[in-house]
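Trainee: Just the structure for this:
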Amino acid sequence: MADRIAGSDDPAFTEALALWLSADEQGALPVVADLANGGNTAAQMLLGLIDKTGALQGPYLGGLDRERRIELLRRPGGLSGRNWMQAAAEDEPLADLWLRLWNLPGGIEIAEGFAGYGEARASREALLAEVSRTERGFPDEVIAQPWFPEALRHLRPARKFPMDEALSLPRGHPMRRFAGLPVPQNDLRNWLLDAELAQPLRLTCAQQCSTTQSACTLALYEALGSYHSLAMMGSPSVSLIPERDFMESARGRQAVARRIMLMNSARVRAGLTPRLAEIDTCAAEWLLSEYRSYYPSSSAAPSDPAD
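Mentor: I've put the predicted structure just below:
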């Protein structure tokens, strides 16, 4: 596990982080930027992660012009500024892992390094990036390592999940699809009720659609449309923000909607609401309201992150 990140116990940082988790980007980010400029490693890491992760960028950031976004999210230097993780990596090994992930991208050693710091989500991200880069899975000796995430053990050579292992999983487990097995919707719904990976969806629905939480969770998963994207959800770094704290925050819920938004084109989103409403009206209406917070007029699209 990582030691406490330098600067994370600074009262100014903890207050700004609380604002950010409450979805107050306008109040939080200028303070975090000032702290980063003053050498606060935790602030530098947080800004670095926000800069590189579209799902962490809320409506306030989306509505800013490029110059102001760069001013808030990046350190001075070059035409477009530089990611703050570079500065943090000078003193913090965990930050260096993030740089290696973004620059390679992916890598078994990077994934194992994140796992050693207790950064399970980041470890999964590194493995998925490696598979995307190499277009192949991992040998049995890697998957057998104690740090390798159970949720990704279908990532075998030639991307073929052994049938016997797939059959041993619950009928609703999405990994069964990687062996060509069907996953009935009712069984998927039951899997989502307890699966650790589905916590971000369940906790979002517990807050937004408590009377239809089960149906809401299924609707959000169907909107996401990707098991691997589900594996990427959660706290950007548990060394900065404990998993549960992030998932239960307004920022965590906003990140769920934002990731779903980024997974679907504007054309797909236009037809998504009525389809999701067939599963859960509350979830469909909540997602629509989140989309509109990024582009109040129906013809406008959310701004892209700074290049």
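
Trainee: Nearest residue to the middle of the protein?
Mentor: By CA atoms, centre = their mean, the mean C-alpha position of the chain lies nearest to M233, the distance being 3.6 Å.

Trainee: Which helix or which strand is home to that one?
Mentor: Taking DSSP states H and E as the definition, M233 sits outside all helices and strands.

Trainee: hang on, D91 packs against A6?
Mentor: Yes. Using CB atoms under 8 Å, D91 is in contact with A6, at 6.7 Å. In this view, the C-beta of every residue, glycine as well, is placed from N, C-alpha and C.

Trainee: more neighbours, the two?
Mentor: The neighbour count for D91 versus A6, taken as other CB atoms under 10 Å, is higher for A6 (17 against 13).

Trainee: show me the residues around that one that make contact.
Mentor: By CB atoms under 8 Å, 6 or more residues apart in numbering, the residues touching A6 are 40-42, 91-92.

Trainee: list the contacts for the residue lying closest to L49 once chain neighbours are set aside?
Mentor: Leaving aside its sequence neighbours, L49 sits nearest to P236 (CB to CB, 6 or more residues apart in numbering; 4.4 Å). Neighbouring residues of P236 by CB under 8 Å, 6+ apart: 46, 49-50, 53, 56, 121, 246.

Trainee: Reduced to three states, what does P236 come out as?
Mentor: coil (DSSP: H, G, I helix; E, B strand; the rest coil).

Trainee: how far away is it from R156?
Mentor: With distances taken as CB to CB, to the nearest Å, P236 is found 28 Å from R156.

Trainee: circling back: could you name every residue contacting both of D91 and A6?
Mentor: Taking CB under 8 Å, 6+ apart as the criterion, D91 and A6 both touch T41.

Trainee: Count the neighbours of S293 for me.
Mentor: S293: 18 neighbours (other CB under 10 Å).

Trainee: Please identify the helix or strand for it.
Mentor: Taking DSSP H and E as the definition, S293 sits inside helix 281-294.

Trainee: hmm, who's touching that helix?
Mentor: 59, 62, 205, 208-209, 211-212, 215-216, 219-220, 223, 254, 257-258, 260-261, 269, 272-274, 276-277, 298, 302-303.

Trainee: could you pull out the helices for the stretch 101-250 of the chain?
Mentor: With helices called from DSSP state H, counting those that start in this stretch, the stretch 101-250 of the chain shows them at 108-116, 120-134, 140-143, 163-167, 185-194, 199-208, 213-224, 227-231, 243-247, 250-263.

Trainee: Show me what counts as buried in the fourth one.
Mentor: Same thing as helix 163-167. Buried positions in helix 163-167, judged by neighbour count with 16 or more other CB atoms under 10 Å: A166.

Trainee: Mind giving me the packing neighbours of it?
Mentor: Helix 163-167 sits against no helix or strand, with contacts defined as 3 or more CB pairs under 8 Å, 6 or more residues apart in numbering; DSSP states H and E.

Trainee: what would the contacts of A6 look like in a markdown table with distance to L72, secondary structure and pLDDT?
Mentor: Converted to a markdown table, these look like this (distance: CB to CB, whole Å; DSSP: H, G, I helix; E, B strand; the rest coil; pLDDT from 0 to 100):
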| residue | distance to L72 | secondary structure | pLDDT |
| --- | --- | --- | --- |
| N40 | 15 | coil | 98 |
| T41 | 18 | helix | 98 |
| A42 | 16 | helix | 99 |
| D91 | 22 | coil | 93 |
| E92 | 21 | coil | 98 |
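
Trainee: Just the buried ones from those residues, in PyMOL syntax?
Mentor: Here is the PyMOL selection string for the buried members of the contacts of A6, based on 16+ other CB under 10 Å:
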select buried, resi 40+41+42+92
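
Trainee: if we look at the host helix or strand of D96, which residues are touching it?
Mentor: For D96, the enclosing helix or strand under DSSP H and E is helix 93-103. Contact with helix 93-103 is made by 2, 5, 41, 44-45, 48-49, 52, 83, 85-86, 88-89, 107, 110, 113-114, 117, 119, 122, 125-126, 129, 237, 239, as judged by CB under 8 Å, 6+ apart.

Trainee: from those residues, which would you call buried?
Mentor: Neighbour counting with 16+ other CB under 10 Å marks 2, 5, 41, 44-45, 48-49, 52, 83, 85-86, 88-89, 107, 110, 113-114, 117, 119, 122, 125-126, 129, 237, 239 as buried within those.

Trainee: In three-state terms, label L64 for me.
Mentor: Three-state call for L64 (three-state DSSP): coil.

Trainee: I'd say it and L72 touch.
Mentor: Yes. Between L64 and L72 a contact is recorded at 7.5 Å, counting by CB under 8 Å.
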